[in-house]
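1. Pasted the sequence and its predicted model underneath.
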Amino acid sequence: MNNSYKQNQIFRSLKSLSGPFPLFDVHLLPERPGELFLGWFEMAIEKGVKEPHAMTLSTVDADGCPDARVLILKNVVDDMFFFASSSESRKGEQLQSYPQAALTFYWPILGRQIRLRGTVENMGEKAGAADFRQRSVEARAVALTGNQSRELVREEELEHSIAVQRERINRDPEMIAPNWGLYAMNVREAEFWQGDTQRKHTRVQYYLHDGQWKHRRLWP
């Protein structure tokens, strides 16, 4: 028995979509995807989903190659989904050049996935500063090191830099990272996916038509 076969057997033995899952009544849909998201989000919190605000942000680089990472949802207002990042990070630079993105949420214990696509805008210096000041001291200290995604040669450099920035914050609690941005994704398309133990998944897609939200059921 070769290693490839063993690995295949390991993957095949893992369980998925074992349920039980909540009902998704497609006859009681709100008009806007943001409203449905918040309803699902509240249930995720009630059912004990860990970090339900964790989401995958997908962008593209200058070569059209997709890039993805997990970060935290900050707020939802109507159909605008907010997140934050340094504008000098890889995702910040990609969004500056190509302000289209996708957000993906997956809550395994509910068997629910939400996919969002839309355009992204930086909400400006004032909004970015306000978001930055709401972060924990440690999160602000790391952001202020200003070296995200660059090569780290020695652990001591990281620890020293964080300590320096922590002391700066202690002296000036109102200081901000100059390139910190609060971003909003304006949703243009949304899909709500309810998994089924028999793989007869329920999928509802919201889409804009002449500036108005429409929705339709999709095949599994």
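-> Received, thanks. What you see is a predicted model, and the numbers here were worked out from it, not measured in a lab.
2. residue ranges with poor pLDDT in the chain?
-> Along the chain, segments meeting pLDDT under 70 span 1.
3. residue boundaries of the strands in it?
-> Applying DSSP state E to the chain gives strands spanning 54-60, 66-72, 75-77, 80-86, 100-107, 112-122, 180-194, 202-209, 212-218.
4. Find the residue at the geometric middle of this protein.
-> Closest residue to the average C-alpha location of the chain: Met55 at 2.7 Å, with CA atoms, centre = their mean.
5. now that one, which residues is it bridged with?
-> Leu71 (DSSP bridges).
6. Assess the claim that it and Trp107 are in contact.
-> No: the criterion here is CB atoms under 8 Å, and Met55 misses it with Trp107 at 10.7 Å. All C-beta atoms are positioned from the backbone trio N, CA, C, and that covers glycine.
7. Grab the longest helix from this structure for me.
-> Here the longest helix in the chain is taken by residue count, with DSSP state H as the criterion, and it is helix 155-171.
8. List the buried residues in that helix.
-> Ser161, Gln165 (16 or more other CB atoms under 10 Å).
9. Can you pull out the residues in contact with it?
-> With CB atoms under 8 Å, 6 or more residues apart in numbering as the test, helix 155-171 has contacts from Val137, Glu138, Arg140, Ala141, Val142, Leu144, Thr145, Asn147, Leu152, Met175.
10. Arrange those residues in TSV, one row each, with neighbour count as further columns.
-> As requested, the contacts of helix 155-171 are exported to TSV (neighbours: other CB atoms under 10 Å):
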residue	neighbour count
Val137	12
Glu138	12
Arg140	21
Ala141	20
Val142	19
Leu144	22
Thr145	16
Asn147	13
Leu152	10
Met175	15
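11. Of the residues you listed, which is the nearest to Ile114?
-> Nearest to Ile114 out of the contacts of helix 155-171 is Val142 (CB to CB; 28.4 Å).
12. for that closest one, what are its contacts?
-> Counting by CB under 8 Å, 6+ apart, Val142 makes contact with Ile162, Gln165.
13. quick one: it from Trp180, how far?
-> 12 Å (CB to CB, to the nearest Å).
14. again, but for Lys214
-> Counting by CB to CB, the gap from Lys214 to Trp180 is 37 Å.
15. more neighbours, the two?
-> When Lys214 and Trp180 are compared for neighbours, Trp180 comes out ahead with 25 against 11, by other CB atoms under 10 Å.
16. does that one have beta-bridge partners, and which?
-> Trp180 forms beta bridges with Ser86, as assigned by DSSP bridges.
17. so how far is the first residue of stretch 15-28 from its last?
-> This stretch, stretch 15-28, spans 31 Å end to end (CA to CA, to the nearest Å).
18. Give me the contact list for it.
-> By CB under 8 Å, 6+ apart, the surrounding residues in contact with stretch 15-28 are 43, 47, 110-112, 192, 194-197, 199, 202, 204, 217.
19. I'd like these as JSON lines, with neighbour count and distance to Phe24 appended.
-> Formatted as JSON lines, the contacts of stretch 15-28 follow (neighbours: other CB atoms under 10 Å; distance: CB to CB, whole Å):
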{"residue": "Met43", "neighbour count": "15", "distance to Phe24": "11"}
{"residue": "Lys47", "neighbour count": "13", "distance to Phe24": "14"}
{"residue": "Leu110", "neighbour count": "20", "distance to Phe24": "10"}
{"residue": "Gly111", "neighbour count": "22", "distance to Phe24": "9"}
{"residue": "Arg112", "neighbour count": "23", "distance to Phe24": "8"}
{"residue": "Phe192", "neighbour count": "25", "distance to Phe24": "7"}
{"residue": "Gln194", "neighbour count": "19", "distance to Phe24": "4"}
{"residue": "Gly195", "neighbour count": "24", "distance to Phe24": "10"}
{"residue": "Asp196", "neighbour count": "15", "distance to Phe24": "9"}
{"residue": "Thr197", "neighbour count": "12", "distance to Phe24": "14"}
{"residue": "Arg199", "neighbour count": "9", "distance to Phe24": "15"}
{"residue": "Thr202", "neighbour count": "19", "distance to Phe24": "5"}
{"residue": "Val204", "neighbour count": "18", "distance to Phe24": "8"}
{"residue": "Arg217", "neighbour count": "10", "distance to Phe24": "11"}
